[in-house]
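Peer 1: predicted structure and sequence below. I'll ask about it afterward.
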Amino acid sequence: MKDNKKIINDLVRKFLRMKRIQANLRQVQVSTKMGKAKQWTCEVESGRHQILTYDLIILCNIYGTSLSELQDYITKEMYENVEKQN
C-alpha cells in the first residue's frame, strides 16, 4: 500500500487539475497568473515539481476554491480508498 504522504500528494495534484479544468484555464494561463515558467503548472500537476503552501493558497484563489474544500476532498477520497480495501 502507498504511504499516506504519497497518497495525499497524488490527491492534491488530482484536485488542482480538476479545479483548473473546471475554471476553464489552460496550464500556461495558470503559470502566467502565478508568475512562473510556462511549464510550472504541468510540472506541479504531474508531480515533477513539489508545490509550496504559498503557491497552493494562490492556486486555490485562482481556481475559486479553498484549502477547506481541498481538505474535504482528500478526506473523502482517503475514506473511500479505505472502504474499497475492506
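Peer 2: Okay, I see it. Numbers count the residues shown, from 1 in each chain.

Peer 1: and the gap between Arg13 and Ser68?
Peer 2: To Ser68, Arg13 is 18 Å away according to Cβ to Cβ, to the nearest Å. To be clear about C-beta, it is placed using only N, CA and C from the backbone, and glycine gets the same treatment.

Peer 1: contacts for the lowest-mean-pLDDT helix or strand in the chain next, please.
Peer 2: Lowest mean confidence among the helices and strands of the chain (mean pLDDT, DSSP states H and E): helix 67-85, at a mean of 87. Outside helix 67-85, the residues that touch it by Cβ atoms under 8 Å, 6 or more residues apart in numbering are 1, 4, 7-8, 11-12, 15, 56-57, 60.

Peer 1: in the chain, which spans are helices?
Peer 2: Using DSSP state H, the helices of the chain run over 4-22, 27-34, 40-46, 53-63, 67-85.

Peer 1: deepest of those helices, which one?
Peer 2: Among the helices of the chain, helix 40-46 has the highest mean neighbour count (mean count of other Cβ atoms under 10 Å), at a mean of 19.

Peer 1: what is the mean pLDDT for it?
Peer 2: Per-residue pLDDT over helix 40-46 has a mean of 97.

Peer 1: give me the contact list for that helix.
Peer 2: By Cβ under 8 Å, 6+ apart, the surrounding residues in contact with helix 40-46 are 13, 16-17, 20, 27-28, 30-31, 34, 49, 51, 55.

Peer 1: ok, for Ile8, nearest residue in space, not its chain neighbours?
Peer 2: The spatial neighbour of Ile8 that comes closest, neighbours along the chain excluded (Cβ to Cβ, 6 or more residues apart in numbering), is Ile74 at 6.0 Å.

Peer 1: and what of Ser66?
Peer 2: Nearest non-adjacent residue to Ser66, counting by Cβ to Cβ, 6+ apart: Cys60, 5.6 Å away.

Peer 1: over to Leu59?
Peer 2: Leaving aside its sequence neighbours, Leu59 sits nearest to Leu16 (Cβ to Cβ, 6+ apart; 6.0 Å).

Peer 1: tell me how far the closest residue to Asn4 other than its chain neighbours lies from Asp72.
Peer 2: Excluding its sequence neighbours, the residue lying closest to Asn4 (Cβ to Cβ, 6+ apart) is Met78, at 7.9 Å. When distance is defined by Cβ to Cβ, Met78 is 11 Å away from Asp72.
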